[in-house]
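Engineer: Mind folding the following:
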Amino acid sequence: MTQTAQTRFNQPSDVARFNMIEQQIRTWEVLDPVVLDLFNEVPREQFVAESQQGLAFADIELPIGYGQTMLSPKIEGKILQALGVKKTDKVLLVGTGAGYLTALLAKLAAHVHSVEVIPELSSLAKTNLQKHNIHNVSLYIADAVNGYASEAPYDVIVFAGSLQIHPSAAEQMLNTGGRMFSVVGELPIMQAILTQRVSDGVSRKEVLFETCLPPLVNAPQAAKFEF
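Structural biologist: All right, here's what the predicted structure looks like:
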């Protein structure tokens with residue numbers, strides 16, 4: 001660690017944050033400086049319970065209550081880099097959780113519509129976002145595994161948990177040129193997919209990487225074949 005870096009670390013959390021960015025996020029080929037700066041700007045440890053703050057920078061899916069987890073830092077970094085969110089973008093996030101990914105997206109976008117099926121988590125996210133003066137967000141309590149049509153269309157859609165089936169209905173809620181991030185599949189193989197809507201009825205899909213995420217609540221199940 002350089003002397004210059006040391007002078008920036010006033011709290012133990014500063015060291016942990018630096019290590020998270022350099023050893024987890026950057027090594028997963030998240031190199032966009034705007035994205036990396038976000039993890040310095042938005043204090044991850046303040047979006048988890050006090051008892052969990054020591055684990056806030058770990059390379060894990062951190063429990064946030066009600067059977068749900070916060071995505072690992074490297075996955076959040078990958079999502080943000082892949083989507084290339086712009087200041088003019090209208091974003092839909094499915095799975096608000098404790099509000100951290102909502103906060104990151106809000107720092108990049110014009111407005112974020114963030115939907116959570118568990119009311120207690122949506123309330124927690126509201127408190128967290130207000131505490132950090134993030135106001136370009138609308139929070140909803142609803143089941144949005146197939147998208148959230150009432151505020152469509154969107155420039156960006158993010159699913160913060162896995163789905164067994166590609167979210168085709170949500171894909172139709174994208175503006176032309178819009179992008180959607182989803183993790184589709186079943187254990188032990190899931191694929192992170194970037195979908196871009198090229199024109200009406202035409203989309204381009206790119207597999208970004210393989211990973212495994214907990215499923216979204218009420219996610220549709222793939223058809224099972226019995227012989």
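Engineer: Tell me who's in contact with the residue positioned nearest the centre of the chain.
Structural biologist: Closest residue to the average C-alpha location of the chain: L101 at 4.5 Å, with C-alpha atoms, centre = their mean. The neighbourhood of L101, defined by C-beta atoms under 8 Å, 6 or more residues apart in numbering, consists of M70, L71, E76, I79, L93, G95, V158, A160. The C-beta positions use only the backbone N, C-alpha and C, and glycine is treated the same way.
Engineer: cool, and M70?
Structural biologist: By C-beta under 8 Å, 6+ apart, the contact set of M70 is F47, V48, E61, L62, P63, I64, G97, A98, Y100, L101.
Engineer: which of the contacts of L101 lies closest to N218?
Structural biologist: Minimum distance to N218 across the contacts of L101 is 11.2 Å, recorded for G95 (C-beta to C-beta).
Engineer: Tell me which helix or strand the residue lying closest to that closest one once chain neighbours are set aside sits in.
Structural biologist: Distances taken as C-beta to C-beta, 6 or more residues apart in numbering put A160 closest to G95, at 3.2 Å, once the chain neighbours are dropped. Using DSSP states H and E, A160 sits in strand 154-163.
Engineer: how about the helices in the chain?
Structural biologist: 3-7, 12-19, 33-41, 73-83, 100-108, 119-131, 168-171 (DSSP state H).
Engineer: Contacts for the fourth one, please.
Structural biologist: Under the criterion C-beta under 8 Å, 6+ apart, residues 20-21, 24-25, 27-28, 30-32, 35-36, 38-39, 44, 57, 59, 71, 100-101, 104-105, 108, 156, 158, 179, 181, 192, 194, 208-209, 211, 213 lie in contact with helix 73-83.
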